[in-house]
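> Curious how this folds, go ahead:
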Amino acid sequence: MSFADRVQALRLRKLKILDDHNKRIQKLQRALNSELSDIDREISQLGDASARLPCLVRITPGPELTVYHSADAPCGRVHNRQNFKVMPEIDAMDASPYAYLERCSACGWKGAAKIHGNHLIGEV
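Here you go, the predicted structure:
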């Protein structure tokens with residue numbers, strides 16, 4: 001084997017080792033991302049299942065109340081938070097003397113649930 005062949009063989013060996021290492025790192029990164037995604041999903045479920053999810057109920061005069069809004073991910077209908085009272089979702093559902101209120105369909109409830117879930121696990 002010539003000197004050039006030996007140098008080339010070492011170079012190829014080094015590249016193979018680096019390539020194998022990078023593939024292992026990528027596999028570990030994918031596994032980590034998958035596990036973290038699973039945990040994030042569980043955190044969102046925890047927050048969404050909590051009766052204490054913070055909501056906004058309008059306290060100013062206006063059209064009949066039919067919905068409450070997310071306190072952590074409100075939609076564009078919440079222009080001034082001073083017009084709303086923050087309360088747990090369980091209380092927001094019954095906040096109107098006229099009707100059972102429902103979640104606003106335009107609010108970001110999935111994001112709000114994740115934020116609230118993170119607050120819940122941070123309290124433990």
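> make it CA atoms for all contacts and neighbour counts henceforth
OK.
> Which parts of the lowest-mean-pLDDT helix or strand in the chain count as buried, going by neighbours?
When the helices and strands of the chain are scored by mean pLDDT, DSSP states H and E, helix 109-123 comes last with a mean of 88. For helix 109-123, the neighbour count (16 or more other CA atoms under 10 Å) marks 109-118, 120 as buried.
> Tell me which residues are up against it.
Defining contact as CA atoms under 8 Å, 6 or more residues apart in numbering, one finds that helix 109-123 is touched by 40-41, 43-48, 53-54, 70-73.
> which of the residues you listed are buried?
Among these, those classed as buried by 16+ other CA under 10 Å are 41, 43-48, 53-54, 70-73.
> Go through those and say which is closest to N80.
A71 (11.8 Å; CA to CA).
> For whichever helix in the chain runs longest, what is the distance to the chain centroid?
The longest helix of the chain (DSSP state H) is helix 3-49. In terms of CA atoms, centre = their mean, to the nearest Å, the centre of helix 3-49 is found 24 Å from the chain centre.
> Partner strands of the next helix or strand after that helix, with direction?
Downstream of helix 3-49, the next assigned helix or strand under DSSP states H and E is strand 54-58. As defined by DSSP bridges, the strand partners of strand 54-58 come to strand 67-70 (antiparallel), strand 84-88 (antiparallel).
> what is the orientation angle of strand 54-58 with helix 3-49?
On the basis of axes from the mean of the first three to the mean of the last three CA atoms, to 10 degrees, strand 54-58 is oriented at 50 degrees to helix 3-49.
> buried set for strand 54-58?
Neighbour-count burial for strand 54-58 [16+ other CA under 10 Å]: 54-58.
> What about F84, how many residues nearby?
18 (other CA atoms under 10 Å).
> picking that back up, what's the angle between the longest helix of the chain and helix 109-123?
Relative orientation of helix 3-49 versus helix 109-123 (the same axes, to 10 degrees): 90 degrees.
> That'll do, ta.
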